[in-house]
Structures are given as C-alpha cells and as structure tokens.
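[1] Dropping the sequence and predicted coords here.
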Amino acid sequence: MLKFGVVVVPGSNCDHDTIYVLKHIYKQDAVPLWHKTSDLQGCDAIIVPGGFSYGDYLRAGALARYSPMMNAVAEFAKNGGIVVGICNGFQILCEAGLLPGALLLNTQPHSGINYSCKNIHLIAENDNTALTTGIPKGKALTIPIAHGEGRYFADAETLEKLNKNGQIIFRYCDEKGKITPDSNPNGSLENIAGICNETKNVFGMMPHPERASDEHLGNTDGKYILSALVKTVQARKAERLVVS
Amino acid sequence: MEAIAKEIKVNVETARQLGLSEDEFQKIVTILGRTPNYTELSIYSVMWSEHCSYKNSIYWIKTLPREGKGLLAKAGEENAGLIDIGNGYACAFKIESHNHPSALEPYQGAATGVGGINRDIFTMGARPIAQLNSLRFGNINTDKTKWLMKGVVRGIGHYGNAFGVPTVGGEVFFDECYNVNPLVNAMSVGIVKVGETISATSYGEGNPVIIIGSSTGKDGIHGATFASADITEDSAESLPSVQVGDPFQEKLLLEASLEIIKTGAVVGMQDMGAAGIICSTSEMSAKGQSGMNIWLDKVPLRQQNMQPFEILLSESQERMLVIVKKGREKEVEAILEKWDLHYAVIGEVTNGDRLKYYVHGELVADVPAETLVLGGGAPVYHREFKEPQYYREFQKFDIDTIKEPSNYKEIADYLLTHPNIASKRWVYEQYDSMVGTVNMSSNKPSDAAIVNIKKSDSALALKVDCNSRYVYADPHKGGAIAVSEAARNIVCSGGEPMAITNCLNFGNPYNPEVYWQFVEAIKGIGEACTEFNTPVTGGNVSFYNQSSYEGPVFPTPVIGMLGIIKNKNKVMTLDFKNEGDLIYLIGECYNDISSSEYLYSWHNVKEAPAPHFDLSEEYEVQFAVKEVIEKNLVESAHDCSDGGLFITLAESAMAGKLGFDIDTDTSIRKDAFLFGEGQSRVVVTVKPENEDAFTDMLLNSNAEFSFLGVVDGNEMIIDGEVYGKVEDMKGQYDNAIGKIVEG
C-alpha cells in the first residue's frame, strides 16, 4: 500500500475529499500534511488539493507557497518525487515555481462571471506520464471543474517548450474528443487543462479527478487519472526497492 | 473607548427611535425598577426586535407540529433542528433569511446570509455537508433586478465556494412583487455523531467566556432592528446595517470549532449573528440559568472609539462565543493558535441571573438575562388579522372566460424559456455543487437533491420549496402545497420525508391583511406537516418584506425539507431511461389552470385561486409512488409542478436525451391538461415487462392513474404533433436565463 500526503493549508477545502477517495476508492493510505510542519511522514507521493488557500485574497495560491510544508514539497520534487496539484493546488505549484506559467481569471463563460462549476471534457495528450498512463487514445473524459482562476497562461517561448517536451498532459475538448474553442471553459491558452514539469514528476491540473471517482456520484472517469497515478507510484516504489 | 453612551438621555422618545413601543419601554422600566440607560435600552431594543424575539409570530409558530420520529432537539431549543438519521448519525439543518441586507447590498447581504446559517450548524458540532437556497427577485428584465441577481448569486457563490460546502439545490422565482424587496433564504445541512453535539448554553461559576474569530467593528449595528422595519427610500442610508463576510475566516472557525468541541473542555458555544455579543451572552445565560460578567474593554476591536452599545450590538461576522471549563483554557487555546485564530477571554460565568457589562471596571449595563429572550421576558403579541377582499374575488375565477389557444407549440416554447421555469443553470454553475464529493445528483438528477452520507448505507434527500403565487391566492392551501410539494419531491427521489425547517417571509405584521396571510399559511403548513409526519424543527420568520411604495411581497413561506433514503443504491431519478418505456401519470388531471404560470404570464390573468389541491389525495398519490419505487417497478419519477404536465415531460426528456409520444385526455381542456398546475401528480416510466405488476399495484392503491404514451425517439410529440427536437428545446431551456441576464 502506498502512502499519499495531502497538503493542508488554511483554506484547503478538497483535502478531506482527496484523502477519502485515496483511502476508500483507491485503497491506499493517505495522511494530511499540516502546512506549519515540514515532515513529509515518509509519503510516496504528494497531492496539493483544491480550495481557497488563505482565502485566495491576494492571488490564488500566492501565499500558500511560503509555508514550511511547501518548502519540503519543493525539496521532495527536486529529488524526483511525484507531486500533483489539483485546482488551487495547481495554482500553488505555479506560484511556487514548480510548474511553468500562471493561472489567470477565467474569461469565459461570461464576462464578469469568472467562477464556474460543471462537468467538462478532457483529453489526454499522451499516455506516458504518471497521470495519463493507460488512458485510451482519443477518449474524452468527463471531469468536473470548479474555479474562477483557471485560465492557463504562459509566454510564447514557454508554451513552445511545453508542446515540444510533451509537458501538456490534458486539454479541454468536446464530448467527442475534439479540441474546439467552444469546449474551452475558462479561456486557457490552447485549451490547456493540465501540465507537468520538464522532468515529468510535478503535475498540475484544474479539473478535479477526485470528484469523479466514487460510483455513487454517477461518474468515475477520474479513475483513469488517479489509477494511473497509483500505478505509476507503485511501479516506481517497486523499482526503488529492487535497486536498494 | 469612551463610555459616553449612558449620558444620552433616555425617555419614551429615545425608545421609539430605537423601535420600541411605549408599552415596551414601560415594561423595561418595571423589569429594571428604574429607567434604563442608553446601553441597556439598546440591548432591549435589539433583543425585543421582531428579528430576535419573534414577538409577533411566536404564538402561531407554537401551533405547528413540533414532535415526531427521530427528533433529537425540539424547535427553538438549539441553533438548528436535529434529526436522528440512523447509523449513529444525526442531521442538523436550518433555513434563514437575509432579505433586507440583500436588498441594499446584494453581494455582502447574500454572502453573510450563507455565513450565518452555516455557523448555526457548526456551532452545534455538526459539519455542514450541503447548502441550498431559495431566491425571489422582481422583473428579470429590469436593470435593478439584474444587478440584485448578479450580486446575490455571486455573494452566495463566493462565500459558499470558499467555505467549501457544496450548494446542492435551490429555487429561483421572479415576480414584480419582489422588485424592491428580494428574498434571499439560505439553508445549511450538517452531520454529527449522535451524542457529540454541543449546546448553546452557559453555566458554571468562574468559567471563562471566550470570543473567537474576527475583531468587532461598527458593521451591522442595529441590523436586527433594520430587519424589523419596512424598506423605505431612506433604507440605503442604513448601509452600515449590512455586514461584510469573510469566508476564509469562517472556514478556520469551522475547523477550529469542531476540534475544540472534541476536547470535551467546552460547556457551550454559540455563533454571533443578529444582535452580536448581547444576543449570544443573553441567550446562553438564559438557557443555562446563570449570569455573566463581561468586560467590553477586552473585546478585540477593529475600530477606535466604539461605544459600549456598539460593541454589544455589532453584527461583525465570523465570531463565536465559547464557554470553557475553568482550568482547561490551554487545550482550547492551543487549537485556536493552530488555526491562527484571534481570541480573547472577555468575561466569566456567574451565579444568579444578571448580565453585567463593564468597561474598565465601570458597570455600563446590568440586566437580567431571562428578561431579554424569547420564551422569557420578551413580549408576545396577538396581532389582529382580517381576510383581504382580494381572496374572495380570486375565488370567482372561471376557466371558461379564458379562450382555448389554437397554437400549443408556441405556448410550450414560451413556458420552457420562461425564467420561472427555464433551467437555473446560469445561477447554479456559479456555485460549487461538487466539493465534498457527496452530491449524488450532479450526474443523475432527481426531484430532490441527494447527498451521500459517506461510510453509511443511506443518503439525504433535500428540497426547498414554495410557490408563493399559490400562497398569495390562498395562504391556507398554498402553505399546505409548499409542504406537500417538498414531500412529493423527496418521495419521487426514493426518500422518506422526515422533518422540515421553514423560512416565513411576509410583509408588515401590523397590517391585518398581511397577518391573515401569515396565520392562514401557518395553518396550512401545520396540517400538511401533520399529514406527512414531518415536524417543524425550527427556522426563521422574516416580516416587513415590503416597500413603502410597492406594498408587501407575496407571502412566501419557504419549506426546507429533510428526507432519508435508507438504501443509497435505490435513489430514483427523473430522466427518461429507455426507448419504449411506458409513460404513466399517477394522480388525476383536472380542468384547472388556476394560478398556473400559463394563466398568470401567458394570459396575464393574475386573479385566480390556488390550483386544485386535496391533502388526502396528495397523501394517496405519494403513498402509491413510494410503493412502486420500493418494488422497483418504475424507471423514472418526476412530479408535476410549475408549468404543468408538459414541462414535467420535457424535463424528463431533456435529462434523458430521449423524446416522448403522448396523447392528451380529451375529457378536459388541452391547455389544462398540458399546462394546468393541479397538484398531486407524478409522471413515471415503466418498462413494458413491468407494466402488469405496475398497474396491479396501482389498482390496489387509492390513487388515480392513467397511461400517457411512450418514451420514443428524439422529439417531443403530443397528439401526433411534433413540438420540437429534445436537443433543440434543451438548448433553449438551458440558456434562457443567461441570455436575459447577460443581455
């Protein structure tokens, strides 16, 4: 069994959900990691969950990066550990410089109304990262979003690099898997919904796979993503055990 | 701080300015045995305001059924109702209004309404897991309404989203009667282990009184008094009466409060809402039959030069008052520090019944707690009521005066895109409906919102309901319909109705015709609650919902109902499932278009009685629906409500992306059949192989039923006429409100 760490900062509100699905749906161990500490408790992978950290009053994710725990997470990532940021977690990882680019105020669906919570469709760009292994090519996954600041932005140079290195992992699409302007729920550049860093161990995505995991909620497409994560981390752990 | 307030001269005129009557002033003088000082007078003025004392409603509220199965706290006993839901869990739930603040400052008014109702839940030790809201606005085509609506929805959304509790259901209704005075009612539902709740009480001499959370400012002073008067042209000058919300602070308070309760070091806890420190200190002391010494100079302030009465009455948000067992302060303080929350010991519990408020050692107010509170010394009034003339006039409506239309498709399109009927998607997508991973209706809609209770076999079914047009036409029937429709929705979702909370929004109680609406609605609600065995666990009365120039709003007693689905694998949904399934109607169609959206908006005929309704017929229909769901004989169930049978069919079709082909009943008018809003009807679909068992069961029931047609193709077909493609109609239905509001 793997042990996942879920970072808890003041204002996190998807921490309980993430721990619940990891334990009860994916049958792994999961513990909260309090922001004031820097002890990763021997976790195999780290998730930075959604929420409104510090109320997001300054800028989404801007303050949370300064916590002792986020310093420990950065160190963990530097050593190759797998870190996944979901929604506010993605924003925090961008603010912390662990992922390139930034998440800006949504420009859709209406001007002046930024926040939107609904199911959207998502397509995996490749099937060789920790979050996308095994996702059938061309399959449109139905996953909820819930954010007001999720418009992915990066300068042209960064964007080109992301594309070239295969760092774009998810794009918004229509229900048939076509990437169209209409299927972009927040105005993200190139319909980008999720990315990873150059070494492909730090991930960020705006949609919430943990909200599409429990069959009682009528949609389990999130299992494609979180099962891939569990499998990848398991494989890496097994590899490390063999080496040592 | 300067204790200058007591130097303000107090007499009957001062009392009147603070909203107290001459009699009430004399009563205070008698209680104290002297003339109160200004601080004390302010205390009585808020505690005896309508908002805190329920002085004009409590007599009738007490006639509602308040006992029943699984009730763990009686109405008014705690901050919210508490129901045993099995598996060792209890559910705390309550609805409350924030109408007046929202009329002036929609964003903060609505946001703080959400904050307040959630505090009522977690102050009992329950973790909020779902929110609902019930909104009423004026004419949606006016800029004023668009401004109010955008502000209210954004306020609810921002507060609830950041707080991290999903908004799972609600209703939005438009009518010109709400042009000046919108209604914003918010409901919160929480879960707690039975026996782990905490009470809003205070006792134990020497126990410290601790204030937690935000600093106290001048916001919301006399807010409770403000809520107890009509809205006038000068109301905008009352802006300081509107509070400002901070959901981040509330989230910290939630987590810290639940942790503090777990220590066992807490005697009692209450949030600070209306009337702030004075309300929580007096209510807790009265409940625990003890007194308090409160040192107002110890209260953390966010402004300088606050007078004692301002500190006492401030409605600054996100504050809690906690009574801790003496000697165990450290355990509580450690948790507060963990969550970076401000706190201060501001007093101590005393024996006796006196509340003594000090500033730097000087006594500034001295009052007996019991005399301030509802059920204690607060006044109780019997108001005069009189049947208004319009009521009789409305009864005279004759359907034959309405010409039968020639183009039905045109009316179908009109109703489907009418703001009262069209999808509320523009509204609910601004709310986080999925945080908490408990919303079972996001992907599979039912008539009620279904909320998963993790680690148990059961789920909650929740509904807020009120058709205020019916209540206006006939308060007695309309009140009963509101309860019945909520129950019907829960039954259609496979649940069992358990209990209600209500938010009674009415006009000025000193108007005998408004008071008649109130009394009659209470009677109707009471009868229906008795029939369905759903006791009233608490709620809120909001009077004075009227403006000086537009008169009272429709009487709007919003019902928030809690239901239970014992086996969460047996949730019933409303979408059509398979082509070829047979469509049946349980209940009877009448030649009735009274008070329907069709009559009111399409024909512009606003004077008609409530639609057909009979309580025992309703009971039989619900009983039959419950039975066929229980026996797995139906594939979908959806009740007939606003817009009538056509809208019911269209909604099931759009949700299931499947068409239907039905025939109307030629024995009644086609407009009554399709668009009439006669109550007690449910559309179900049945697999052909289950038809015999289904009809056998209904033949043995006391409910009427009839065959309508089949689920078929991708079009809506009635009497052989195609009304449109399901997909196209869904596009119109989904986008109608957004188009109007966004322009």
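    Ah, there it is. Numbers count the residues shown, from 1 in each chain, chains lettered A, B, ... in the order given.

[2] quick one: which helix or strand includes B:Phe248?
    Per DSSP states H and E: B:Phe248 is located in helix B:247-263.

[3] do the same with B:Gly709
    In the assignment (DSSP H and E), B:Gly709 maps to strand B:705-711.

[4] Can you spell out which helices and strands pack onto that strand?
    strand B:582-586, helix B:644-656, strand B:660-662 (3 or more CB pairs under 8 Å, 6 or more residues apart in numbering or on different chains; DSSP states H and E). Quick note: C-beta positions are derived from backbone N, CA and C, even for glycine.

[5] Include distance to A:Val21, mean pLDDT and mean neighbour count when you put the ones you listed into JSON lines, please.
    Shown next, in JSON lines, are the helices and strands packed on strand B:705-711 (distance: least, CB to CB, whole Å; pLDDT from 0 to 100; neighbours: other CB atoms under 10 Å in any protein chain shown):
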{"stretch": "strand B:582-586", "distance to A:Val21": "38", "mean pLDDT": "98", "mean neighbour count": "23"}
{"stretch": "helix B:644-656", "distance to A:Val21": "26", "mean pLDDT": "98", "mean neighbour count": "24"}
{"stretch": "strand B:660-662", "distance to A:Val21": "38", "mean pLDDT": "98", "mean neighbour count": "22"}
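
[6] wait, which of these is closest to chain A?
    helix B:644-656 (12.3 Å; CB to the nearest CB).

[7] Now for residue 146: which residues touch it?
    Chain wasn't specified; assuming chain A. Applying CB atoms under 8 Å, 6 or more residues apart in numbering or on different chains to A:Ala146 gives the contacts A:50, A:87, A:115-117, A:208, A:211, B:161, B:432, B:434-435.

[8] Actually, chain B is the one I wanted.
    B:140, B:740-741, B:743.

[9] from those, which is closest to B:Arg302?
    B:Val741 (35.4 Å; CB to CB).

[10] Apart from its chain neighbours, what residue comes closest to that closest one?
    B:Lys146 (5.5 Å; CB to CB, 6 or more residues apart in numbering or on different chains).

[11] Extract the CA atoms of the helix or strand harbouring that neighbour and return them as PDB.
    Per DSSP H and E, B:Lys146 falls inside helix B:143-163. What follows is helix B:143-163, C-alpha atoms only, in PDB (Å, rounded to 0.1, in the frame of the first residue of the first chain):
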ATOM      1  CA  ASP B 143     -31.500  46.500 -14.700                       C
ATOM      2  CA  LYS B 144     -32.200  46.700 -10.900                       C
ATOM      3  CA  THR B 145     -33.200  43.000 -10.800                       C
ATOM      4  CA  LYS B 146     -30.200  42.000 -12.900                       C
ATOM      5  CA  TRP B 147     -28.000  43.900 -10.500                       C
ATOM      6  CA  LEU B 148     -29.600  42.300  -7.500                       C
ATOM      7  CA  MET B 149     -29.500  38.900  -9.000                       C
ATOM      8  CA  LYS B 150     -25.900  39.000 -10.100                       C
ATOM      9  CA  GLY B 151     -24.800  40.300  -6.700                       C
ATOM     10  CA  VAL B 152     -26.800  37.800  -4.700                       C
ATOM     11  CA  VAL B 153     -25.600  34.800  -6.800                       C
ATOM     12  CA  ARG B 154     -22.000  36.000  -6.700                       C
ATOM     13  CA  GLY B 155     -22.300  36.500  -3.000                       C
ATOM     14  CA  ILE B 156     -23.700  33.100  -2.200                       C
ATOM     15  CA  GLY B 157     -21.200  31.500  -4.600                       C
ATOM     16  CA  HIS B 158     -18.100  33.200  -3.400                       C
ATOM     17  CA  TYR B 159     -18.900  32.600   0.300                       C
ATOM     18  CA  GLY B 160     -20.100  29.000  -0.100                       C
ATOM     19  CA  ASN B 161     -17.400  28.100  -2.600                       C
ATOM     20  CA  ALA B 162     -14.500  29.300  -0.400                       C
ATOM     21  CA  PHE B 163     -16.100  27.800   2.700                       C
END
